[in-house]
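Colleague: only geometry, no sequence info:
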């Protein structure tokens, strides 16, 4: 789906890639912040205490184990993807917002990394709607950035280069997720110390 939201694809549908990509980013950040706020609000109903940080540390450690091993391929997930038919039914900004919102919410589509579950748990464990919104918004912004590499796909050769580049970046991206989980573990563990 994201490979279809390129300057080449949008031009072919008669839309502006900049408008669609901006709508996608807005949808991802807004939905991430809203989902995070809801998680934080739900978490505020739980009793306070140091158990939140301890559980966050355990969740991050579990996510790290999953993402750093072949377990990442066996994550529980929905098989649902965004509806590609929307790209021919609606204007670019409409499906941009809708696709971004589904990805920014985190759990509405296929889950490819345990870090997504850790982010959702982090929002709940934050214990406030505000902190959950910040965490969720940051998650949504990260998901919004997934569209950035498509900016150079302005013709068929650019689209082919995009696909080759994405294939090459898959392993480094997984390593980056693992590194981010290690940093998050260090931050949470430092807060517990």
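Modeller: Cool, got the structure. Nothing here was measured: the structure is a model prediction, and the numbers come from that model. Residues are numbered from 1 along each chain as shown.

Colleague: For the chain, which residues score under the pLDDT cut-off?
Modeller: Applying pLDDT under 70 to the chain picks out residues 1-3, 80.

Colleague: For the top helix by length along it, buried residues please.
Modeller: Ranked by number of residues, the top helix in the chain under DSSP state H is helix 156-192. Under the neighbour-count criterion of 16 or more other Cβ atoms under 10 Å, helix 156-192 has 159, 162, 177, 178, 180, 181, 184, 185, 188 buried. All C-beta spots, glycine's among them, are computed from the backbone N, C-alpha and C.

Colleague: now do stretch 39-49
Modeller: Using 16+ other Cβ under 10 Å as the test for burial, stretch 39-49 gives 39, 40, 41, 43, 44.

Colleague: likewise stretch 10-23?
Modeller: The neighbour-count check on stretch 10-23 (16+ other Cβ under 10 Å) flags 10, 13, 15, 17, 20, 21, 22, 23 as buried.

Colleague: With stretch 89-100 instead?
Modeller: Neighbour-count burial for stretch 89-100, counted by 16+ other Cβ under 10 Å, picks out 90, 92, 93, 94, 95, 96, 97, 98, 99, 100.

Colleague: Which strand or helix spans the residue positioned nearest the centre of the chain?
Modeller: Of all residues in the chain, the one closest to the mean position by Cα atoms, centre = their mean is residue 143, 3.6 Å from it. Secondary structure from DSSP states H and E places residue 143 in helix 129-144.

Colleague: could you give the angle of that helix to helix 156-192?
Modeller: Put simply, helix 129-144 runs at 150 degrees to helix 156-192, going by axes from the mean of the first three to the mean of the last three Cα atoms, to 10 degrees.

Colleague: how far does the longest helix of the chain sit from the chain's center?
Modeller: 12 Å (Cα atoms, centre = their mean, to the nearest Å).

Colleague: again, but for stretch 21-34
Modeller: Remark: stretch 21-34 is offset 10 Å from the chain centroid, using Cα atoms, centre = their mean.

Colleague: now do stretch 110-128
Modeller: 10 Å.

Colleague: Run through the helices of the protein in chain order.
Modeller: 7-13, 17-44, 51-67, 86-89, 92-105, 114-126, 129-144, 156-192.

Colleague: Save those helices as CSV, and put in distance to residue 75 too.
Modeller: As requested, those are exported to CSV (distance: least, Cβ to Cβ, whole Å):
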stretch, distance to residue 75
helix 7-13, 29
helix 17-44, 18
helix 51-67, 7
helix 86-89, 26
helix 92-105, 16
helix 114-126, 6
helix 129-144, 16
helix 156-192, 12
